[in-house]
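Participant: only the shape, not the letters, is given here:
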């Protein structure tokens, strides 16, 4: 463990220690964090006064993609903080797309259903992982999305994951694919490819539940079956890409489905090579070549959204920090061969992306008690500033913050302390003093939510915004206020 060095002169303590903020004034590092960190007043989505978040406007600048991470998928306080940040980014900075770590196809279908007037709760739950849709701490977000969908400036939902993550894919994928392919010539090679893809995906969608179902699906396909599936996906994509359309909407649909097939091919490759029993045999080395497939495809899907479907929009990404981070090789642990999505995105979009990790000093997460951050960790230093919530920008460090570039212990990756140069890994860190777990929404509450959505839909506007006719936003972007 590298010793932390005191690089700030003690004079800084004298100059900044008497600023009226409670907390430790005996460490130059704490004084620097107090002076240069942005104190956040609230993480409540109901707090509509965004003055405390205004400094993020200059920090993010003109970047088109802001990635919001999370320590684990059960961090209720983080979900609340992200919801408020999303509202700020949407309303004040013109970010109009929210892309989830959920199915590239599923969320696309869910958004089209919602935008066409479907029940918002049912549509959202059909595409996005339930660990985000069925918890109390995200309900304000879903209400906001539903409310904004009835305006001319919606917060559009998208997915980046190669996985199929909801009921939308099981219920609609094959029919939607057929509808697109019916426009293509019915030559024997294409018909055989369609039959192959349909056969494999039908078996996947009808598999048994849980790991057992995935293992059974995996074992029933031979290497030859897998090769034929990859070739079939390639054949269909080639036919799609060769088709010219004068109608922009038809051309956009063609391009979207070509990307869906690329993503689906990678997802099946991942499933067919995944070792579902690895957790039971920790002595067996991880197959990082397989593990990295999903992250690389998530990056490809995100970059495609940014360059094609939403080329004129700014995008917020909601995913685990472990996926959004970059340079995992700087960690000396078992994950050093892991190449996360953030690395692939960084290589293609670089300066256009700002990644925010989240962390906490103590409390509980979905997995239970997280304990208290160790002495000398970044969390313990931020806690000593006396602020409950702090945003720390790593992208614009001055000479006084050079010590933050040194290896420093922190735990924004699942509450297990890692020591690395955090500015090389993420661009900013959102500190929450006390983490609280996400709490499941009771079934009755879900039913009430659906009833509310239906009532709101009936009492809302009777005409759809013009952009909904084709379910694609116009090229112009809403001006940030």
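Facilitator: Arrived safely, thanks for sending. Quick caveat: nothing in here was measured; it's all calculated off a predicted structure.
Participant: what secondary structure does the closest residue in space to residue 310 that isn't next to it in sequence sit in?
Facilitator: Closest residue to residue 310 apart from its sequence neighbours, by CB to CB, 6 or more residues apart in numbering: residue 97 at 5.0 Å. Placement of C-beta: from N, CA and C, glycine included. Judged by DSSP: H, G, I helix; E, B strand; the rest coil, the three-state class of residue 97 is strand.
Participant: for residue 97, list each beta-bridge partner.
Facilitator: With DSSP bridges applied, residue 97 shows beta-bridge pairing to residue 156, residue 315.
Participant: surely it meets residue 156?
Facilitator: Yes - if you go by CB atoms under 8 Å, residue 97 and residue 156 touch, sitting 4.8 Å apart.
Participant: quick one: common contacting residues for these two?
Facilitator: Counting by CB atoms under 8 Å, 6 or more residues apart in numbering, the contacts common to residue 97 and residue 156 are 310, 313.
Participant: which residues does residue 100 contact?
Facilitator: Counting by CB under 8 Å, 6+ apart, residue 100 touches 107, 128-129, 132, 157-161, 317-319.
Participant: what pLDDT, on average, does the strand or helix carrying it get?
Facilitator: If you go by DSSP states H and E, residue 100 is part of strand 95-103. For strand 95-103, mean pLDDT rounds to 98.
Participant: same question, stretch 340-351
Facilitator: On average, stretch 340-351 scores 95.
Participant: who touches it?
Facilitator: With CB under 8 Å, 6+ apart, stretch 340-351 has contacts from 63-65, 67, 160, 295-296, 298-300, 302-303, 306, 319, 322-328, 353, 355.
Participant: state the distance from the residue nearest to residue 310 to residue 414.
Facilitator: Distance, residue 97 to residue 414, using CB to CB, to the nearest Å: 27 Å.
Participant: by average pLDDT, which secondary structure element in this protein comes out worst?
Facilitator: When each helix and strand of the chain is scored by mean pLDDT, DSSP states H and E, helix 11-16 comes last, with a mean of 34.
Participant: the residue nearest to residue 310 and residue 248, how far apart?
Facilitator: With CB to CB as the criterion, residue 97 and residue 248 are 19 Å apart.
Participant: neighbour-wise, which of the two wins?
Facilitator: Neighbour count, other CB atoms under 10 Å: between residue 97 and residue 248, residue 97 has more, with 23 against 10.
Participant: distance of the more buried one from residue 325?
Facilitator: Counting by CB to CB - residue 97 and residue 325 are separated by 21 Å.
Participant: low pLDDT regions in the stretch 351-481 of the chain?
Facilitator: 443-481 (pLDDT under 70).
Participant: by contact count, what packs against the helix or strand encompassing residue 144?
Facilitator: In this assignment (DSSP H and E), residue 144 forms part of helix 139-148. Secondary-structure packing of helix 139-148 (3 or more CB pairs under 8 Å, 6 or more residues apart in numbering; DSSP states H and E): helix 76-93, helix 120-125, helix 443-459.
Participant: again, only using 10 Å
Facilitator: helix 76-93, strand 95-103, helix 104-115, helix 120-125, helix 130-133, strand 156-161, helix 443-459 (3 or more CB pairs under 10 Å, 6 or more residues apart in numbering; DSSP states H and E).
Participant: chain center to the longest strand along the chain: distance?
Facilitator: When the chain is parsed with DSSP state E, its longest strand is strand 353-365. In terms of CA atoms, centre = their mean, to the nearest Å, the gap separating the centre of strand 353-365 from the centre of its chain is 14 Å.
Participant: strand partners (parallel or antiparallel) of that strand?
Facilitator: strand 65-68 (parallel), strand 368-372 (antiparallel), strand 428-435 (parallel).
Participant: quick one: the strands in the stretch 251-400 of the chain?
Facilitator: Along the stretch 251-400 of the chain, the segments classed as strands by DSSP state E, counting those that start in this stretch run 314-318, 353-365, 368-372, 389-393.
Participant: same list, those, but as TSV with mean neighbour count and distance to residue 92 please.
Facilitator: Below are the strands of the stretch 251-400 of the chain laid out as TSV (neighbours: other CB atoms under 10 Å; distance: least, CB to CB, whole Å):
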stretch	mean neighbour count	distance to residue 92
strand 314-318	24	12
strand 353-365	23	15
strand 368-372	14	32
strand 389-393	21	15
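Participant: picking up where we left off before, looking at the helices and strands packed on helix 139-148, which is nearest to residue 276?
Facilitator: Closest approach to residue 276 among the helices and strands packed on helix 139-148 (CB to CB): strand 156-161, 18.2 Å.
Participant: what about the closest one, average pLDDT?
Facilitator: 98.
Participant: my guess is residue 60 contacts residue 68. True?
Facilitator: No - between residue 60 and residue 68 no contact is recorded; they are 11.5 Å apart, counting by CB atoms under 10 Å.
Participant: quick check: neighbours shared by these two?
Facilitator: 89, 354, 356 (CB atoms under 10 Å, 6 or more residues apart in numbering).
Participant: could you report the separation of the second one from residue 338?
Facilitator: Same thing as residue 354. As judged by CB to CB, residue 354 and residue 338 stand 22 Å apart.
Participant: next up, the contacts around residue 101.
Facilitator: Counted by CB under 10 Å, 6+ apart, residue 101 has contacts 69-70, 73, 107, 128-129, 132, 159-161, 163, 165, 298, 317-320, 323-324, 341.
Participant: ok, now with 6 Å
Facilitator: Residue 101 sits next to 161, 319 when contact means CB atoms under 6 Å, 6 or more residues apart in numbering.
Participant: repeat for residue 48
Facilitator: With CB under 6 Å, 6+ apart, residue 48 has no contacts at all.
Participant: what strand or helix carries it?
Facilitator: Using DSSP H and E, no helix or strand contains residue 48.
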